[in-house]
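> Quick one: sequence and predicted model below, then my questions.
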Amino acid sequence: MKDFLWVLVMSMVPMTELRLAIPIGCGLGLPAWQSFVAAVVGNMLPMPFIVLFIRRIFAFIRRHWSFLNGILDRIEKKAENNMERVQRFEILGLCLFVAIPLPGTGAWTGSLIAALLDIRLRRALPTIFLGVLIAGVIITLISYGVRLGIAAIT
């Protein structure tokens, strides 16, 4: 249970998300389905809050802790750089953006983009969830496929 919770918590971390959590679960010896479930659940837990409240949170931080403005500017700039691709394909673009398991993509940035584009939660959340599922399948297949391949070699 401890390893399952470790994977769940690791998947909530921005930037690494389930892209790191699933390989960690694999390394800890969790079955693939447990790593997948823990990572998807953990990755999705913060998403509704990001979509609904991130603009207000950023405004609060800018008002009360202006020394963090540079960090917030970089975060917003990163999201804005990816917004054009998402806007072009709308909901499908958001899903694909979240699904592609590359650095800088994922549920956190996808949720921020959804918030900045004013995509309603009832449209954004299922789209982000589908993207997380796709990314989770890809990373699980890579992580556990590599583990099985190494086991076959040795």
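On my side now, so go ahead.
> if I pick residue 48, what's in contact with it?
121, 125 (C-beta atoms under 8 Å, 6 or more residues apart in numbering). In short, each C-beta sits where N, CA and C put it, glycine included.
> could you measure it against residue 69, distance?
As for residue 48, its distance to residue 69 is 26 Å (criterion: C-beta to C-beta, to the nearest Å).
> next one: residue 47
25 Å.
> Just want to know which of these two has more residues nearby.
Neighbour totals were compared for residue 47 and residue 69, and residue 47 leads with 22 against 12 (other C-beta atoms under 10 Å).
> Does the closest residue to that one other than its chain neighbours lie in a helix or a strand, and which?
Counting by C-beta to C-beta, 6 or more residues apart in numbering, residue 111 is the residue found nearest to residue 47 once chain neighbours are left out, at 4.9 Å. Element membership of residue 111 [criterion: DSSP states H and E] is helix 107-116.
> Please apply the same query to residue 137.
Using DSSP H and E, residue 137 maps to helix 121-153.
> Just the buried residues of that helix, please?
124-125, 127-136, 138-140, 143-144 (16 or more other C-beta atoms under 10 Å).
> And stretch 62-72, by the same measure?
Buried residues in stretch 62-72, defined by neighbour count with 16+ other C-beta under 10 Å: residue 72.
> Quick one: distance of that stretch to the chain centre.
Chain-centre distance of stretch 62-72: 24 Å, with C-alpha atoms, centre = their mean, to the nearest Å.
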